[in-house]
Structures are given as C-alpha cells and as structure tokens.
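Engineer: Got a predicted model here, sequence first, then my questions.
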Amino acid sequence: MSKVHHVAVLVGSLRKGSINRKLALALAELAPASLKLEIVEIGDLPLYNEDIDHDQPPEAYIRFRAKLKAADALLFVTPEYNRSVPAPMKNAIDVGSRPYGQSAFSGKPGAVLSASPGAIGGFGANQHLRQSMVFLDVPMMQQPEAYLGGAGSFFEEAGMLGDGIKPFLRKFIDAYAEWVEQQVKG
C-alpha cells in the first residue's frame, strides 16, 4: 500500500462563500487515496512584522508554521487581485518563509490552481505565486497548468460542483498526486 501524503492547502480568499475555497474542498473529495488534503487557515495571521517574530512570535505564526512543517506537500488555490495574489496569501507566504533560513515551505512539492469569474482565470496570481515558490525552494508542478476562468459557473444552485469541471479537476489532482509521489523522499 502506498503512503498517504498530507497536503497543506492554502486558500487565497477569505470570503465565506469563496469559489476558491469550494474548489479546494472539491479537490479534497476528488483526490486519490494517496493524498489527504487539509485547508490551513491564513485569515488569522497578523501581518508579517519581523519585530514581533523574534523572542515570542504570535501564536498564529507558530501554529501556521507547524502545520506547514508537518505537511508533505503544498497546494495553493487562489483568486487573483490586481494581477497578483491576494494580500492574505502573500502574508501567509511571508510568515511561512520566516525567520530567514527556517522556511516551512522548503523542499515540499507544490502546485497552484487559480480561479476567477473572469476570463483569464487568475493567470497573474498563478504566475506570481509560482515565482515566489520557486525562490522558496518549492518544486512546482508544471503541467497541467490550472487557470480556471468563468469559475462562478462551476457550482450548481445547491452548491454542488457541476459535472462540466470535474474531469479537469480530476486530471489536475491525479497529476498532482503523481508529482507528490515523485518528489517526496522517504
């Protein structure tokens, strides 16, 4: 039996009815048995400030970093704000990558899915996030790329994921499972 890999999922939108949160939950349901996806909340992280991160870091920083360190892999699901990642996602990256030399991201395989009601599906956020993760020593899955435009139409009135997007999400999460298996040592 293959090992179950624990995946820390960071959702860039804090909105209660977020399309991206719904997609993250749908990916968790569609994931093969080799992956266990868990959303790691980022909304309670104080803005990163090195002054408060010295002797006694905020409890939210400590919890967040511990969850990242305990994970085998990373999955980012995010909308795009102003052609980049939303502020909470950038803050989470800053918190997780500090203190300098102690990044909780380093070496963990990652992937990013961006979704937006707009036509280009969060392309800018997706690319910016990839750039940051490469710098932080996170090997990012290259294919399939996942820029999901028109994301407002993915869910039925009752909130269930529609059948039209399921094949792509299955292809994405299956490819990600293979990527994680290839990258995780041990």
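Structural biologist: Nice, thanks for sending it over.
Engineer: Buried residues of whichever strand or helix holds Gln131, list them for me.
Structural biologist: In this assignment (DSSP states H and E), Gln131 forms part of helix 123-135. Within helix 123-135, the residues that count as buried by 16 or more other CB atoms under 10 Å are Phe123, Gly124, Ala125, Asn126, Gln127, His128, Leu129, Arg130, Ser132, Met133. For the C-beta atoms, the positions are set from N, CA and C on the backbone; glycine is no exception.
Engineer: Name the surrounding residues that touch that helix.
Structural biologist: Residues outside helix 123-135 that contact it (CB atoms under 8 Å, 6 or more residues apart in numbering): 12, 74, 76, 78-81, 83-86, 89-90, 93, 105, 110, 112-114, 140, 145-147.
Engineer: Mind doing that once more with 10 Å?
Structural biologist: When contacts are defined by CB atoms under 10 Å, 6 or more residues apart in numbering, helix 123-135 is touched by residues 10, 12, 74, 76, 78-86, 89-90, 93-94, 97, 103, 105, 108, 110-116, 120, 122, 138-142, 145-149.
Engineer: One more: stretch 151-168?
Structural biologist: For stretch 151-168, using CB under 10 Å, 6+ apart, the contacting residues are 17, 19-20, 22-23, 25-27, 29-30, 79, 113-118, 121-122, 144, 146, 148, 150, 169.
Engineer: Wasn't Leu25 part of a strand?
Structural biologist: No: judged by DSSP: H, G, I helix; E, B strand; the rest coil, Leu25 forms no part of a strand; its state is helix.
Engineer: pLDDT value on it, please?
Structural biologist: pLDDT for Leu25: 95.
Engineer: nearest spatial neighbour of it, skipping sequence neighbours?
Structural biologist: Closest residue to Leu25 apart from its sequence neighbours, by CB to CB, 6 or more residues apart in numbering: Ile39 at 7.6 Å.
Engineer: Surely that neighbour touches Leu75?
Structural biologist: Yes: between Ile39 and Leu75 there is a contact at 9.5 Å, judged by CB atoms under 10 Å.
Engineer: Run through the helices of this structure in chain order.
Structural biologist: 19-30, 59-70, 87-96, 123-135, 166-183 (DSSP state H).
Engineer: before we move on, the earlier item: overlap in contacts of Ile39 and Leu75?
Structural biologist: By CB under 10 Å, 6+ apart, the residues touching both Ile39 and Leu75 are Val7, Ala8, Val9, Leu10, Val11, Ala24, Ala28.
Engineer: Pro58: which of those residues is nearest?
Structural biologist: Leu10 (17.8 Å; CB to CB).
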